[in-house]
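Participant: Pasted the sequence and its predicted model underneath.
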Amino acid sequence: MPFELYAWIATLSSGLVAVSQKLTSKHSISNPWLLNFFFTLFILVFLVPLGLVNHVGLPREWGNIFLSALFDELFWILFIISLYKLDISVISPLFNFRSIFSVFLGVSFLGEVLKMQQVLLIGLIIISGFFVAVDEKFKLTSFLKPAIGLVLTAMLALALNGFFINKAAVHNTFWQITVWEVVFSQLILILTVPLFVKDLPKVRFNQYAILFFIALLEVFYKLSANKAFSSNLVITAVIISLPASMIIAFLFSIFAPKLLEKHPLKVYLIRFIAAGLMIFASLHL
């Protein structure tokens, strides 16, 4: 298949993962720690057989894979907690802050030089971030909510995850990184069991089935995105940067407003314009 198709599969899968997690947090599972634990566990269930088929083996270098897993799990914990507090149409565009943190990591650890154009683009992303968080009250201070801070910290963790994956790739194969990162993530999550163990007797089969389905979508995203990026970087980045979950959330607001979120059209217009500016700036960083 052409890489563009893989990129579109990744974009759609990613959007469906975020929206499905939001729906689950709103209507099915009230404990974010339980949601995150089994979401990661089911990803592991999918990836281990795939890794074995592809002769995954033991990593040649462990440290960077463990650090990538640590920050990957920090991202998911903060992201899922924020889902219980914010609209998906607010969270989705904030993923562009990952680009800012990636630039600063490059400057701090790779000796890259921060150019004036990058400073201006970073400023555009930050300013647009204030507008993407507006609601019916149209107060820019909405960006200063503690939950926004959770998302931004999650984006820093995601940038660090990518940084250590890049370092791990020097000595390890794709499947070694992909499978062992999830293994380490699940081991880390064992520490969170006391935060949801009392809720386990209340969980029904259909709730596990929902998380199983979301995990499958996330596996589709991981594999499709990596396949697309292996063939083309620029066009793939453009396609994957599209805010699929934001678009899906907007459609829900029209056709099923009680399920996900509902705001006046002018709120969504402002959010989409701000998101477009953030995507533009991120792609040029």
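Facilitator: Yep, it's here.

Participant: which residues of the stretch 151-285 of the chain score low on pLDDT?
Facilitator: The stretch 151-285 of the chain contains residues with pLDDT under 70 at 230, 233-234.

Participant: Please repeat the previous calculation with a cut-off of 80.
Facilitator: Within the stretch 151-285 of the chain, the stretches with pLDDT under 80 are 226-227, 229-238, 241, 285.

Participant: just the helices in it please.
Facilitator: Taking DSSP state H, counting those that start in this stretch to define them, one finds helices in the stretch 151-285 of the chain at 174-189, 205-231, 234-241, 244-255, 265-284.

Participant: of all those helices, which lies closest to K115?
Facilitator: helix 265-284 (10.9 Å; Cβ to Cβ). Placement of C-beta: from N, CA and C, glycine included.

Participant: Just give me how far the closest one sits from the chain centre.
Facilitator: 18 Å (Cα atoms, centre = their mean, to the nearest Å).

Participant: next one: stretch 98-111
Facilitator: In terms of Cα atoms, centre = their mean, the centre of stretch 98-111 is set 18 Å apart from its chain centre.

Participant: Buried residues, that stretch. List them.
Facilitator: Within stretch 98-111, the residues scored as buried using 16 or more other Cβ atoms under 10 Å are R98, S99, I100, F101, S102, V103, F104, L105, G106.

Participant: Quick one: residues contacting the closest residue to the fifth one other than its chain neighbours.
Facilitator: This points to S102. Leaving out its chain neighbours, the residue that sits closest to S102 by Cβ to Cβ, 6 or more residues apart in numbering is A159, at 4.7 Å. By Cβ atoms under 8 Å, 6 or more residues apart in numbering, the contact set of A159 is R98, F101, S102, L105.

Participant: do you know how far A159 is from D72?
Facilitator: Noted for A159: a distance of 11 Å to D72, by Cβ to Cβ, to the nearest Å.

Participant: coming back round to it: can you tell me which of the buried residues of stretch 98-111 are in helices?
Facilitator: Secondary structure assignment by DSSP state H places R98, S99, I100, F101, S102, V103, F104, L105, G106 of the buried residues of stretch 98-111 in helices.

Participant: residues touching the fourth one, list them.
Facilitator: Spelled out, it's F101. M155, L156, L158, A159, L160.

Participant: For stretch 206-221, what is the distance to the chain centroid?
Facilitator: 15 Å.

Participant: Report the buried residues of stretch 256-263.
Facilitator: Neighbour counts over stretch 256-263 (16+ other Cβ under 10 Å) mark L260, E261, H263 as buried.
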